[in-house]
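# have a look; sequence and predicted model below, questions after that.
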Amino acid sequence: MSLLSPVLPTRRRVAALLALAAGVASAPASAATPPRVVSLTSERWGVVQGHPVTRYTLTDPGGIRVRLITYGAAIQSVEVPDRHGRVADVVLGFPDVADYAARSPYFGATVGRYANRIAGGRFRLDGRTYVLPRNDGPNTLHGGTVGFDKRVWSASGVRRGTAAGVTFRLVSPAGDQGFPGRLSVSVTYTLDTADRLRIDYQASTSAPTVLNLTNHSYFNLAGEGSGSVEDQQLQISAAAYTPIDRTLIPTGAVAPVTGTPFDFRTARRIGDGLRGGSAQLRYAKGYDHNWVLDGPAGRLRQVARAIDPVSGRWVTVQTTEPGLQVYTGNVLDGTLYGTSGRQYREGDAFTLETQHFPDSPHHPSFPSTVLRPGQRFTSSTVYAFGS
């Protein structure tokens, strides 16, 4: 029987209404819904050369989940739901640390001391020549044969309101891979409840040196191991790029993107320009180029957006850096099997590496990468995900 059943006499019905109203008025207010909070957990994830490796997991309830590892201060996975709520890992990676140590092509890693290439494996600074390992034909790539991607970093969790993250730290001794100065580096990843993954870099040096840091995540918004990214769409806020020679070193020119396969000012398929016969794309077997980003470097601004039209998943990029390296996984040859157990082949991913320009020590017209004692290097990049 309902509280105000019509079988009650009129006076009793009125009394019941008054009692109900009084009860509602005096009832305590219900507790407020607790705020959504990103959780942080950690676990031991193997050993590399006698050093234990830790994996951290950042989880936004109802949002995304990010896993980070101390080997290479790397992003191991980023799980994002599609427009129907189906979750997929949108970055390439391996299921165990042994694969990272044995054969990773920089999957998700923090690369340095110098991200990208330095021509001839040498550079001059303040009248002195420094010789580096040549690990990419005649050139030095991503800091040399034992770059930051091949180190086990120290780490600690951080909490910032409802956001959570991890700070990784590394000290690179003077002379490491031929670079001068004792370099102290920290990289902090922070995930917030808007599904933004922020990366903040800081560094200081004991002697003049050159420095270029980035994250080398390979993205496939349909899910890692799902095949080619050629049908995914990319937009880059850049009116110019830096052309390369046959060894993938910038020529020193800053060329307009107008009328070239490098014009992504309006979103278009990644694959649209790959089959056009461009000499630039033949040199790299696809995209492996630096875009000169619009807007003032040093200020955080949105510079790129990619989307998978089928799943609806997207990623945007904000950065304080002057350049963006887009690479289409041109050396993936099917010999690597990722976290899902599926093969990775050429064109199965793309990178969005925020950076200073490649080979800047040899090009005075490029933004300087010199860091001196008493200066502090800072850089920030934000990857935001959704569907």
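That came through fine. Numbering: from 1, shown residues only.
# check the gap between residue 318 and residue 305 for me.
From residue 318 across to residue 305, the span is 10 Å (CB to CB, to the nearest Å). Placement of C-beta: from N, CA and C, glycine included.
# overlap in contacts of those two?
When CB atoms under 8 Å, 6 or more residues apart in numbering defines a contact, no residue borders residue 318 and residue 305 alike.
# residue 272: neighbour count?
15 (other CB atoms under 10 Å).
# now it: phi and psi?
Main-chain dihedrals, residue 272, degrees, to the nearest 10: phi -60, psi -40.
# ok, and the closest non-adjacent residue to it?
Of all residues not flanking residue 272 in the chain, residue 261 sits nearest, at 7.5 Å (CB to CB, 6 or more residues apart in numbering).
# please apply the same query to residue 220.
residue 349 (4.8 Å).
# cool, residue 200 as well?
residue 188 (4.6 Å).
# over to residue 160?
In space, and not counting its chain neighbours, residue 160 is closest to residue 190: 6.2 Å by CB to CB, 6+ apart.
# hmm, back to that, isn't the residue nearest to residue 200 up against residue 169?
No: Residue 188 is beyond contact range of residue 169, at 9.5 Å (criterion: CB atoms under 8 Å).
# so for those two, which sits in the more crowded spot?
Between residue 188 and residue 169, residue 188 has the larger neighbour count (other CB under 10 Å), namely 20 against 15.
# residue 271 is in contact with the residue nearest to residue 272, correct?
No: the pair residue 261 / residue 271 is not scored as a contact, 10.3 Å apart, by CB under 8 Å.
# so which of the two has more stuff around it?
Shown here are residue 261 and residue 271; by other CB under 10 Å, residue 261 has more neighbours (19 against 16).
# returning to that earlier point: the residue nearest to residue 220: neighbour count?
27.
# spit out the contact partners of it.
91, 92, 218, 219, 220, 224, 229, 328, 329, 332.
# next one: residue 370
125, 208, 209, 210.
# for ChimeraX, write the select line for the buried members of these.
A single ChimeraX command selects the buried members of those (16 or more other CB atoms under 10 Å):
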select :125,209,210
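# strands - which of the contacts of residue 370 land there?
125, 209, 210 (DSSP state E).
# need the pLDDT of the residue nearest to residue 160.
Turning to residue 190, the model gives it a pLDDT of 98.
# how much space separates it from residue 387?
Counting by CB to CB, the gap from residue 190 to residue 387 is 21 Å.
# and after the helix or strand containing residue 170, which helix or strand comes next?
Using DSSP states H and E, residue 170 maps to strand 163-172. For strand 163-172, the following helix or strand on the C-terminal side (DSSP H and E) is strand 183-191.
# ok, that following strand: who's next to it in the sheet?
Partner strands and pairing direction for strand 183-191 (DSSP bridges) are strand 163-172 (antiparallel), strand 196-205 (antiparallel).
# CSV for those, including distance to residue 144?
Output for those, formatted as CSV (distance: least, CB to CB, whole Å):
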stretch, distance to residue 144
strand 163-172, 11
strand 196-205, 17
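# dump those to JSON lines, plus distance to residue 155 and mean pLDDT.
Output for the strands paired with strand 183-191, formatted as JSON lines (distance: least, CB to CB, whole Å; pLDDT from 0 to 100):
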{"stretch": "strand 163-172", "distance to residue 155": "5", "mean pLDDT": "98"}
{"stretch": "strand 196-205", "distance to residue 155": "14", "mean pLDDT": "98"}
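# now for these, which one comes closest to residue 85?
strand 196-205 (19.8 Å; CB to CB).
# now that closest one: how far from the chain's centre is it?
Relative to the centre of its chain, strand 196-205 is centred 11 Å away, using CA atoms, centre = their mean, to the nearest Å.
# just the helices in the stretch 51-200 of the chain please.
Assigned by DSSP state H, counting those that start in this stretch, the stretch 51-200 of the chain shows helices spanning 97-103.
# any low-confidence regions in it?
Judged against pLDDT under 70, the stretch 51-200 of the chain has no low-scoring part.
# please name the nearest non-neighbouring residue to residue 62.
With CB to CB, 6+ apart, the residue lying closest to residue 62 is residue 36, at 6.9 Å.
# what about the one you found, how many residues nearby?
With other CB under 10 Å as criterion, residue 36 counts 13.
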